[in-house]
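What follows is a predicted structure for the sequence shown.
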Amino acid sequence: MKDDKIDIKTLDPQEYIAIIKKCGEKPFRAKQLHEWLWKKHAHSFDDMTNLSSELREKLSKEFFIGYPKITSKQQSKDNTIKIAFRLFDNSLIEGVIIPSGDRLTACISSQVGCALGCKFCATATMGFKRNLMAYEIYDQLAEIEKIALEQFDDSISNVVLMGMGEPLLNYDEVSKAINFMTTSNGMGMSPSRITLSTAGIISGIKQMADDNVKYNLAISLHTADNEKRSRIMPTNTKNDLFELKKVIQYFHEQTGSRITYEYLFLKGFNDTLDDAALLAEFCKISPCKINIIEYNPVNGIPFKPGSKQDLSSFVRYLENKNLIVNIRQSKGADIDAACGQLACRIERKKDKNNEK
Ligand code: SF4
């Protein structure tokens, strides 16, 4: 609600027919309204040029169109772009465009802040504010797509829900958003180009399996040692590796999909051959691939990246076990856009200065 008006994007699109009927218009106008909101990403009823001015006026008396407003854009030396968005209630979130080879990946947020408190993550320092609504998740992608076309003359090829927040603690809205991304009434993307990344919420993975999702699942594993994992990811005390194994097996049986494990390579924490052996053992449960991510230090967080030498021995060990391993250089570190660095620092600082 804003000035007693309803955010039209929060309504189920099925309700557009009733709204249009109430305005005394023909039902096909509901389809046009849907197209403006979900395909053409209109920010104002005035943009809806094929609707009569009377209808636009009636709509704008009762509704407003919520969308994440871009408040800043930063480009890294490696061309990664970080975008800060301000939402209708002044909340801040971030999304990132990561160019790599012929891919343009959009990394988007699912919550404002995060409640899970992973020890290596800057977002965790913000605490949790609220879940994003489906359109706020979807519209980040729509806005990012516009920037990708302007800056790279190309469309977004892949989407990862790996920005701020734990998507499986906001599963219903995330599912609706992915549905808009993949339907022909929305962006029409292939689900195989979308990856949901979770810290390992067991009930959420079970739900994904039961829903037989067609998009990809990535799990931020970071170590296959249960006790050590609890030390850096407090959620592991409730979602431990023994239960996680069972639900991964179930997910694979239901969907037939291969799971990706994300592994931040942390000096003195998970960078030895014993750690690699534990990881290889864990990976036996179902077909998988491993993304080893080079860690980017975050101010005030005590972890450091593992050495190049340890990294190559680690990777060699896993490859000798016939595992698929990719090394991911975290991009955008100079603008705090890399993995685990999203915390809206610049925008929050501006807000604090304005309060003074
Ligand atoms: S790593 Fe992901 S799940 Fe963990 S605190 Fe950060 S945003 Fe939340």
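Looks like it came in fine.

so what's Leu161 bridging to?
Leu196 (DSSP bridges).

How confident was the prediction at it?
The model reports Leu161 with a pLDDT of 97.

just checking, it touches Ser110?
Yes. Contact criterion Cβ atoms under 8 Å: Leu161 and Ser110 qualify, at 5.5 Å. Quick note: C-beta positions are derived from backbone N, CA and C, even for glycine.

what touches both of these two?
Both Leu161 and Ser110 are contacted by 137, 167, 174, under the criterion Cβ atoms under 8 Å, 6 or more residues apart in numbering.

OK, contacts around the second one?
Taking Cβ under 8 Å, 6+ apart as the contact definition, Pro167 lies against 110-111, 161, 174, 196-198, 204.

So which of those is the closest to Leu311?
Ser197 (21.1 Å; Cβ to Cβ).

Could you check how far the closest one is from the ligand?
Per Cβ to the nearest ligand atom, to the nearest Å, Ser197 is found 8 Å from the ligand.

Count the neighbours of that residue for me.
Look at Ser197: counted by other Cβ atoms under 10 Å, it has 22 neighbours.

Now Ile6. Its backbone dihedrals?
phi -100, psi 140 (degrees, to the nearest 10).

Figure out the helix or strand that Ala148 lives in.
helix 134-152 (DSSP states H and E).

Quick check: buried residues in that helix?
134-145, 147-148 (16 or more other Cβ atoms under 10 Å).

same deal with stretch 216-229?
So for stretch 216-229, counting by 16+ other Cβ under 10 Å, buried means 216-225, 228-229.

Let me know the closest of those to the ligand.
Ser220 (6.1 Å; Cβ to the nearest ligand atom).

Tell me what that closest one is bridged to.
Glu262.

Surely it is in contact with Ser197?
Yes. Ser220 lies in contact with Ser197 (Cβ under 8 Å); the separation is 6.3 Å.

all helices of the stretch 51-200 of the chain, in order?
Secondary structure of the stretch 51-200 of the chain (DSSP state H, counting those that start in this stretch): helices at 53-62, 134-152, 171-182.

picking up where we left off before, go through the shared contacts of Leu161 and Ser110 and say which is closest to the ligand.
Using Cβ to the nearest ligand atom, those come closest to the ligand at Pro167, 8.9 Å.

Find the nearest non-adjacent residue to that closest one, please.
Nearest residue to Pro167 in three dimensions, chain neighbours excluded: Ser110, at 4.1 Å (Cβ to Cβ, 6 or more residues apart in numbering).

burial count for the one you found?
28.

List the residues that contact it.
Taking Cβ under 8 Å, 6+ apart as the test, what Ser110 contacts is 131-132, 137, 161, 163-167, 170, 173-174.

go on, Thr255?
208-209, 212-214.

name the helices or strands packed onto the lengthiest strand in the chain?
As assigned by DSSP state E, the longest strand anywhere in the chain is strand 92-100. Strand 92-100 sits against strand 81-86, strand 103-107, helix 134-152, helix 345-355, with contacts defined as 3 or more Cβ pairs under 8 Å, 6 or more residues apart in numbering; DSSP states H and E.

Could you say which one of those comes nearest to His34?
So among those, helix 134-152 is nearest, using Cβ to Cβ, at 12.4 Å.

List of residues touching the closest one?
9-10, 38, 41, 66-68, 70, 73, 75, 81, 83, 85, 87, 93, 95, 97, 99, 104, 106, 108-110, 154-156, 159, 161, 173-174, 176-177, 180-181, 186-187.

That helix versus strand 81-86: what angle between them?
In terms of direction (axes from the mean of the first three to the mean of the last three Cα atoms, to 10 degrees), helix 134-152 departs from strand 81-86 by 140 degrees.

what's the spacing between helix 134-152 and its chain's center?
12 Å (Cα atoms, centre = their mean, to the nearest Å).

Quick one: mean pLDDT for that helix?
96.

for stretch 107-122, same thing?
94.

Need the pLDDT of Lys2.
Lys2 carries a pLDDT value of 67.

hmm, back to that, close to the ligand as well: tell me which of the contacts of Ser110 qualify.
164-166 (Cβ under 6 Å from any ligand atom).

circling back: quick one: closest of the helices of the stretch 51-200 of the chain to Gly117.
So among those, helix 171-182 is nearest, using Cβ to Cβ, at 19.5 Å.

So which elements touch the closest one?
By 3+ Cβ pairs under 8 Å, 6+ apart, helix 171-182 packs against helix 134-152, strand 194-198, helix 202-210.

Can you list the neighbours in contact with that helix?
So helix 171-182 is in contact with 38, 110, 131-135, 137-138, 141, 159, 161, 167-168, 186-191, 194, 196, 204, 207-208, 211, 214-215, going by Cβ under 8 Å, 6+ apart.

same check, this time on stretch 227-244
Outside stretch 227-244, the residues that reach it (Cβ under 8 Å, 6+ apart) are 116-120, 166, 199-202, 205, 219-224, 226, 269-270, 282.

Show me which parts of it are buried, residue by residue.
Buried, per 16+ other Cβ under 10 Å, within stretch 227-244: 228-230, 232-236, 239-241, 244.

Among those, which lie within helices?
Those of the buried residues of stretch 227-244 mapping onto helices are 228-230, 232, 241, 244, per DSSP state H.

Rebuild those residues as TSV, extending it with pLDDT and distance to the ligand.
Converted to TSV, these look like this (pLDDT from 0 to 100; distance: Cβ to the nearest ligand atom, whole Å):
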residue	pLDDT	distance to the ligand
Lys228	97	15
Arg229	98	12
Ser230	97	13
Ile232	96	9
Leu241	98	16
Leu244	98	14
